[in-house]
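Q: Structure of the sequence below:
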Amino acid sequence: MDVYLVLKFLHVIAAILWVGAGILSTLLIHLAGRDGDRVLRTLAVFAPAMPILMMPSSLTVLVTGGTLVWLGAWGAAPWMLVALAATLASFVAGARVFGPAIGRAFALNEQGRRREAADTILRLALPLRIEQAALVLVVCLMVVKPGWEEMPLVGLFALGLFGIALKLTPANGRPQSA
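A: A predicted model of the protein is given here:
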């Protein structure tokens, strides 16, 4: 086994953790619907785990992915450029928007400001679904590795993913309880 295979293994495991945890937390928030108490129970489980799981796994994906591209001397393939842009956007959104917002919601809940905490999480529903759709698109790109001629098909797939994210997001409104 060489360094390339070890990095590839770490890259895939980190991607599984990052995308899997994101999809699971998004799904659980979706299942909670407008029930503020269920949203807060989900928050209580996931908020402490996010800094331990999401940031390290996403950073590992970026570092190992960049190193694999460099070691593989792949150049600027279209799938790689789109995947890199989506991955970087997700990493930045997680670090600058989602992580801090979830942390604020957790703190609000701990202070007994339950409705504000639930509102904060429910406002993230659509952006989190869009981020997860983007990460599923990245996984598709990594597996299929399409050329420029296949990118219109990838675009249709992306539109479908984002359409599903929009369809699954409930209309804005306040939580029913909390």
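Q: Could you give the number of residues near the closest residue to G147 other than its chain neighbours?
A: Leaving aside its sequence neighbours, G147 sits nearest to P78 (C-beta to C-beta, 6 or more residues apart in numbering; 6.1 Å). Backbone N, C-alpha and C define where each C-beta goes, glycine included. Close neighbours of P78, defined as other C-beta atoms under 10 Å, add up to 16.
Q: what residue ranges in the chain score low on pLDDT?
A: Across the chain, the ranges flagged by pLDDT under 70 are 169-178.
Q: Break down it into its helices, ranges please.
A: Shown for the chain, the helices assigned by DSSP state H span residues 3-32, 36-46, 50-72, 78-93, 99-110, 114-123, 125-144, 151-168.
Q: Packed most tightly, which of those would that be?
A: Highest mean neighbour count of these: helix 114-123, a mean of 21 (counted as mean count of other C-beta atoms under 10 Å).
Q: For it, name the packing helices and strands.
A: Contact analysis of helix 114-123 by 3 or more C-beta pairs under 8 Å, 6 or more residues apart in numbering; DSSP states H and E lists helix 36-46, helix 99-110 as its packing neighbours.
Q: Report the inter-axis angle for that helix versus helix 99-110.
A: 160 degrees (axes from the mean of the first three to the mean of the last three C-alpha atoms, to 10 degrees).
Q: got the contact list for V97?
A: Taking C-beta atoms under 8 Å, 6 or more residues apart in numbering, we find V97 in contact with P127.
Q: I misspoke; the intended subject was P146.
A: P146 neighbours (C-beta under 8 Å, 6+ apart): P78, W79, L153, V154.
Q: contacting residues for the residue lying closest to the second one once chain neighbours are set aside?
A: Leaving out its chain neighbours, the residue that sits closest to W79 by C-beta to C-beta, 6+ apart is L141, at 4.3 Å. Applying C-beta under 8 Å, 6+ apart, one finds that L141 lies in contact with W79, M80, V82, A83, V154.
Q: As TSV, these with distance to L5 would be great.
A: Listed next are the contacts of L141 as TSV, based on distance: C-beta to C-beta, whole Å:
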residue	distance to L5
W79	21
M80	19
V82	25
A83	20
V154	27
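Q: got a list of what the residue nearest to G147 touches?
A: P146, G147, W148, M151.
Q: same check, this time on S58
A: Neighbours of S58 in contact, by C-beta under 8 Å, 6+ apart: A14, W18, T87, S90, F91, G94.
Q: what sits against the nearest residue to the first one once chain neighbours are set aside?
A: Pointing back at A14 there. Excluding the flanking residues, the one nearest A14 by C-beta to C-beta, 6+ apart is T60, at 3.7 Å. By C-beta under 8 Å, 6+ apart, T60 lies in contact with L10, H11, A14.
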